[in-house]
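Engineer: Build me a model:
(one chain, ligands or ions: 1)
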Amino acid sequence: MSDKATLEINGTSYEFPLVKGTENEIGIDIKTLRSVTGGVITIDPGYKNTGSCESAITFLDGEKGILRYRGYSIEDLAEKADFLEVAYLLIFGELPNAETLEKFHADIKKESLVDEEMKKIIDAFPKSAHPMGVIASLTSALTAFNPTSVNVDSEEAMYNAIVRILGKFPVLVAWTMRKRQGLPLEYGDTSLGYVENVLKMMFRKPNEEYVTNKVVLDALDKLLILHADHEQNCSTSTVRITGSSHAGLFVSLAAGISALWGPLHGGANQAVIEMLEAIKEDGGDTKKYMAKAKDKSDPFRLMGFGHRVYKNFDPRAKIIKKSADEVLSNLGVEDPVLDIAKGLEKEALEDQYFVDRKLYPNVDFYSGIIYRALGIPTEMFTVMFSLGRLPGWIAQWKEMRLGKEPIGRPRQIYTGETYRPFKTMDKR
Ligand code: SDX
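Structural biologist: This is a model prediction of the structure:
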């Protein structure tokens with residue numbers, strides 16, 4: 001196979017080198033395109049055909065439904081690893097041994113307090129504030145209390161910023177939920193595992209002992225692993241491009257949280273449950289909602305379905321669907337929306353409109369059913385997504401900064417007015 005691509009413009013041919021990845025993906029390296037052609041650029045709304053970077057962190061094959069973190073399959077990691085191990089793997093590239101993992105966790109625990117002044121910020125929000133807006137603001141505000149985490153040019157400064165956010169973010173997640181519930185904003189318990197501590201911070205009642213439920217712990221640990229990274233999705237690309245200006249890690253993560261909030265992205269997990277609830281209220285009439293999803297004049301979409309990359313089953317959705325059955329039966333929870341979800345999935349998979357467009361359930365379709373069974377409020381679902389995605393965002397930001405990537409600044413094709421002389425008021 002040739003190692004070059006040839007482009008012909010107005011009778012002139014231009015050659016560009018091909019880049020081949022370790023999974024044999026091919027990219028056309030167009031770094032010189034504008035200079036050799038005298039200004040010609042490419043255009044690709046939504047970057048459906050455009051790679052922003054070379055990355056060694058996560059591999060997806062949308063046609064085959066493959067997802068691997070640093071070469072390990074998502075199925076193996078969800079079954080055999082825990083979330084902190086996967087966080088270490090994503091950020092540093094290798095699965096940690098027992099000693100390395102213990103030191104990593106010890107360094108995180110040292111950073112698991114948050115300045116009490118931060119409570120004044122969360123107090124300023126109305127209880128009705130959406131938790132994603134609160135957590136994005138608190139994450140950005142962390143910079144004010146941790147100024148050394150901004151210019152992380154040395155590996156040591158970067159490591160310190162990383163363990164700092166991994167220690168503090170779960171506290172902010174718990175505070176964001178508890179504030180809405182009128183519960184005291186407390187700290188964790190460093191004698192516990194990472195995810196067990198998250199659960200205790202979120203659910204501990206001030207007037208009773210907290211007892212960990214192993215089913216809940218295992219379910220949340222698995223959900224966080226499944227959400228941990230997903231190559232150059234909308235929010236990760238936001239984290240990378242924000243960090244490319246050398247803005248600090250925490251504000252880059254806050255930008256990613258904001259991008260994740262959108263219902264077309266991480267906000268879909270909340271939208272799925274709201275959609276399933278609406279169908280339940282509507283007497284379970286899934287056919288009506290299928291028709292709405294296919295009606296071009298109706299903005300309604302079947303939330304939790306479709307994906308920019310997966311044109312087959314999202315491997316995470318398969319794992320979550322199986323886990324939803326297990327968790328609900330282990331917890332003795334009956335949730336009618338699970339049956340509605342399964343009915344909707346069956347209908348969609350047999351519907352020509354969905355088959356033609358290769359629309360399958362994605363990671364968000366079943367995750368909310370488990371979050372709900374774990375007692376997590378619907379408006380907190382996307383915050384839980386951001387907790388899972390945190391190590392992936394960190395890993396991608398670190399790779400971008402250590403790779404000394406240039407500041408992200410796309411070009412455009414201008415389609416507005418050409419030059420025109422100024423029009424004085426009397427002539428307008
Ligand atoms: C996440 O990128 C990632 O990796 C994201 C993520 C991650 O881990 O970071 O996997 C997490 O964001 C999962 C996606 C969650 N979003 C939703 O569930 C919202 C519903 N899905 C869609 O809005 C949509 O499928 C997207 C946004 C996910 C993908 O949109 P694309 O790739 O831009 O595809 P498109 O909008 O061009 O759709 C192609 C066709 C269109 O029909 P035609 O114009 O060809 O006739 O499929 C239709 C769309 O109208 N379509 C849907 C649909 N999704 C696409 N029709 C009905 N319901 C849907 N859900």
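
Engineer: Now the residue in the stretch 251-400 of the chain that the ligand sits nearest to: closest residue in space, sequence neighbours ignored.
Structural biologist: Across the stretch 251-400 of the chain, no residue is closer to the ligand than residue 306, which sits at 2.3 Å (C-beta to the nearest ligand atom). Glycine gets a C-beta too; all of them are placed from N, C-alpha and C. Computed as C-beta to C-beta, 6 or more residues apart in numbering, the closest residue to residue 306 that is not its neighbour in sequence is residue 359, at 4.3 Å.

Engineer: For the one you found, grab the count of nearby residues.
Structural biologist: Look at residue 359: counted by other C-beta atoms under 10 Å, it has 20 neighbours.

Engineer: Show me which positions of the strand or helix carrying residue 388 end up buried.
Structural biologist: Under the criterion of DSSP states H and E, residue 388 resides in helix 381-402. Buried residues in helix 381-402, counted by 16 or more other C-beta atoms under 10 Å: 381-401.

Engineer: Report the buried residues of the host helix or strand of residue 177.
Structural biologist: When elements are defined using DSSP H and E, residue 177 is found to belong to helix 155-181. By neighbour count with 16+ other C-beta under 10 Å, helix 155-181 contains the buried residues 158-180.

Engineer: likewise stretch 54-61?
Structural biologist: By 16+ other C-beta under 10 Å, the buried positions in stretch 54-61 come out as 55, 57, 58, 59, 60.

Engineer: partners of the longest strand along the chain in the sheet?
Structural biologist: When secondary structure is assigned using DSSP state E, the longest strand within the chain turns out to be strand 12-20. When pairs are called by DSSP bridges, strand 12-20 turns out to pair with strand 4-9 (antiparallel), strand 26-28 (antiparallel).

Engineer: where's that strand relative to the chain centroid, distance-wise?
Structural biologist: The chain centroid and the centroid of strand 12-20 are separated by 34 Å under C-alpha atoms, centre = their mean, to the nearest Å.

Engineer: before we move on, what about stretch 27-40?
Structural biologist: For stretch 27-40, the distance between its averaged C-alpha position and the chain's averaged C-alpha position is 32 Å (C-alpha atoms, centre = their mean).

Engineer: how about it as CSV, C-alpha atoms only?
Structural biologist: The C-alpha trace of stretch 27-40 is given here as CSV (Å, rounded to 0.1, in the frame of the first residue of the first chain):
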residue,chain,number,x,y,z
GLY,A,27,-4.8,9.2,8.6
ILE,A,28,-3.8,11.7,6.0
ASP,A,29,-1.2,14.1,7.5
ILE,A,30,-2.3,17.5,6.2
LYS,A,31,-0.1,19.6,8.4
THR,A,32,1.4,21.3,5.2
LEU,A,33,-1.9,21.5,3.2
ARG,A,34,-2.6,25.3,3.6
SER,A,35,1.0,26.3,3.0
VAL,A,36,1.7,24.1,-0.1
THR,A,37,-1.7,24.9,-1.7
GLY,A,38,-1.7,28.6,-1.0
GLY,A,39,-4.5,28.6,1.5
VAL,A,40,-6.7,25.6,0.8
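
Engineer: what's in contact with it?
Structural biologist: For stretch 27-40, contacts defined as C-beta atoms under 8 Å, 6 or more residues apart in numbering pick out 5, 7, 9, 12, 14, 16-21, 41-42, 51, 411.

Engineer: can we see that at 10 Å?
Structural biologist: Contacting residues not belonging to stretch 27-40 are listed as 4-5, 7, 9-10, 12, 14-21, 41-42, 49-51, 54, 411 [C-beta atoms under 10 Å, 6 or more residues apart in numbering].

Engineer: Name the residues of it that are buried.
Structural biologist: Of the residues in stretch 27-40, 28, 30, 33 count as buried by neighbour count, 16+ other C-beta under 10 Å.

Engineer: Please tabulate these in CSV and include distance to the ligand and pLDDT as additional columns.
Structural biologist: What follows is the buried residues of stretch 27-40, written out as CSV (distance: C-beta to the nearest ligand atom, whole Å; pLDDT from 0 to 100):
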residue, distance to the ligand, pLDDT
28, 21, 98
30, 22, 98
33, 25, 98
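
Engineer: and of the residues you listed, the nearest to residue 342?
Structural biologist: Nearest to residue 342 among those is residue 28, at 42.6 Å by C-beta to C-beta.

Engineer: now that closest one: how far from residue 362?
Structural biologist: Per C-beta to C-beta, to the nearest Å, residue 28 is found 29 Å from residue 362.

Engineer: What of residue 215?
Structural biologist: Relative to residue 362, residue 215 is positioned 25 Å away (C-beta to C-beta).

Engineer: Which of these two has more residues huddled nearby?
Structural biologist: Remark: of residue 215 and residue 362, residue 362 carries more neighbours, 24 against 16, as counted by other C-beta under 10 Å.

Engineer: wait, what's in contact with the more buried one?
Structural biologist: In this structure, residue 362 makes contact with 268-269, 272, 303-310, 313-314, 316-317, 320, judged by C-beta under 10 Å, 6+ apart.

Engineer: Can you go through these and name the buried ones?
Structural biologist: Here the buried ones among the contacts of residue 362, as counted with 16+ other C-beta under 10 Å, turn out to be 268-269, 272, 303-307, 309-310, 313-314, 316-317, 320.

Engineer: In helices, which of these appear?
Structural biologist: Among those, the members falling in helices (DSSP state H) are 268, 269, 272, 316, 317, 320.

Engineer: Need the mean per-residue confidence for the helix holding residue 388.
Structural biologist: If you average the pLDDT over helix 381-402, you get 97.

Engineer: How about exporting it as PDB, limited to the C-alpha atoms?
Structural biologist: What follows is helix 381-402 as a C-alpha-only set of coordinates in PDB (Å, rounded to 0.1, in the frame of the first residue of the first chain):
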ATOM      1  CA  PHE A 381     -26.500  11.000  36.900                       C
ATOM      2  CA  THR A 382     -24.300  13.100  34.700                       C
ATOM      3  CA  VAL A 383     -22.200  14.200  37.700                       C
ATOM      4  CA  MET A 384     -21.600  10.400  38.200                       C
ATOM      5  CA  PHE A 385     -20.600  10.200  34.600                       C
ATOM      6  CA  SER A 386     -18.000  13.000  35.200                       C
ATOM      7  CA  LEU A 387     -16.700  11.100  38.200                       C
ATOM      8  CA  GLY A 388     -16.100   8.100  36.000                       C
ATOM      9  CA  ARG A 389     -14.600  10.100  33.200                       C
ATOM     10  CA  LEU A 390     -12.200  12.100  35.400                       C
ATOM     11  CA  PRO A 391      -9.200   9.700  35.000                       C
ATOM     12  CA  GLY A 392      -9.700   9.600  31.200                       C
ATOM     13  CA  TRP A 393      -9.900  13.400  31.000                       C
ATOM     14  CA  ILE A 394      -6.700  13.600  33.200                       C
ATOM     15  CA  ALA A 395      -4.900  11.000  31.000                       C
ATOM     16  CA  GLN A 396      -5.800  12.800  27.800                       C
ATOM     17  CA  TRP A 397      -4.800  16.200  29.200                       C
ATOM     18  CA  LYS A 398      -1.500  14.900  30.500                       C
ATOM     19  CA  GLU A 399      -0.800  13.200  27.100                       C
ATOM     20  CA  MET A 400      -1.500  16.500  25.300                       C
ATOM     21  CA  ARG A 401       0.700  18.600  27.600                       C
ATOM     22  CA  LEU A 402       3.600  16.100  27.700                       C
END
